[in-house]
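Asker: I would like the atomic coordinates for the input below:
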Amino acid sequence: MRTTQEWSRFGGGLIILLALGATLAVFAPRFLGAAAGPEAEIITALKQTEADGMTLPVPGSDLPLKSQKHRFARITVAVEPGGKRAEAYATLDFDGTLGTTRVGTAGVERVPFVLRDGDWVPEGTAAPRLVAVVAALEGRRRALQAADADALGRLAAPGTPGVG
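Answerer: Next up is the predicted model:
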């Protein structure tokens, strides 16, 4: 049979082990990220969106662009001197919706990242080119629906014949 003093030592040791385990669980990702560098953290941030899903605000639309499934691949990261900003270049295979409109694409994204509070986060959105294309198409749809020639003219490329 153990004495009260032995049980106290055992309990104290158990508390120390639990505290060390909790500390490691909280700080291990940060230590590993620092050891692997910003490239690994940025790649992880993009890949995490695949599990979490993406909801992207589209300028000019009341509805967000929601992914049903997407995949970032062939990710390359370029960190700027100073280590506070970076750009990730990746292919994006995207299937989702904007309201009732189905959106599907495969393309290349250039995603600016910034170091904020010790974490690498996209400066704006994780898919800026996709958002820009969808915003332009949504603007065109609204202009066509409203038969707004001026709005359609603003969407045309400079030098387009018949647009003045």
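
Asker: quick one: the residue nearest the centre of the chain from residue 14, how far?
Answerer: By Cα atoms, centre = their mean, the chain has its centre lying nearest to residue 126, at 3.5 Å. For residue 126, the distance to residue 14 (Cβ to Cβ, to the nearest Å) stands at 43 Å. C-beta here means a position set from N, CA and C on the backbone, and glycine is covered the same way.

Asker: my read is the residue nearest to the centre of the chain is in a helix, agree?
Answerer: No - read with DSSP: H, G, I helix; E, B strand; the rest coil, residue 126 is coil and lies in no helix.

Asker: not counting its neighbours along the chain, what's nearest it?
Answerer: Excluding its sequence neighbours, the residue lying closest to residue 126 (Cβ to Cβ, 6 or more residues apart in numbering) is residue 49, at 5.4 Å.

Asker: phi and psi next, for that neighbour.
Answerer: Backbone torsions of residue 49, given as degrees, to the nearest 10, read phi -60, psi -30.

Asker: same deal with residue 88?
Answerer: Torsion angles, degrees, to the nearest 10, at residue 88: phi -110, psi 130.

Asker: again, but for residue 100
Answerer: phi -90, psi 0.

Asker: that one: neighbour count?
Answerer: A count of neighbours around residue 100, defined by other Cβ atoms under 10 Å, yields 6.

Asker: isn't residue 79 up against residue 114?
Answerer: No - at 11.3 Å, residue 79 and residue 114 do not qualify as touching, with contact defined as Cβ atoms under 8 Å.

Asker: shared neighbours, the two?
Answerer: Counting by Cβ atoms under 8 Å, 6 or more residues apart in numbering, the common neighbours of residue 79 and residue 114 are 85-86.

Asker: mark out where each domain of the protein begins and ends.
Answerer: Split into domains by the TED database, the chain comes to 1-36, 37-155.

Asker: deepest of those domains, which one?
Answerer: Stretch with highest mean neighbour count among these: domain 37-155 (a mean of 15; mean count of other Cβ atoms under 10 Å).

Asker: all helices of the protein, in order?
Answerer: With helices called from DSSP state H, the chain shows them at 4-36, 38-52, 128-146, 149-155.

Asker: as TSV, the ones you listed with distance to residue 121 would be great.
Answerer: As requested, the helices of the chain are exported to TSV (distance: least, Cβ to Cβ, whole Å):
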stretch	distance to residue 121
helix 4-36	13
helix 38-52	7
helix 128-146	14
helix 149-155	31
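
Asker: I'd like those laid out as CSV, including mean pLDDT and distance to residue 86.
Answerer: Below are the helices of the chain laid out as CSV (pLDDT from 0 to 100; distance: least, Cβ to Cβ, whole Å):
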stretch, mean pLDDT, distance to residue 86
helix 4-36, 71, 13
helix 38-52, 94, 6
helix 128-146, 90, 14
helix 149-155, 71, 32
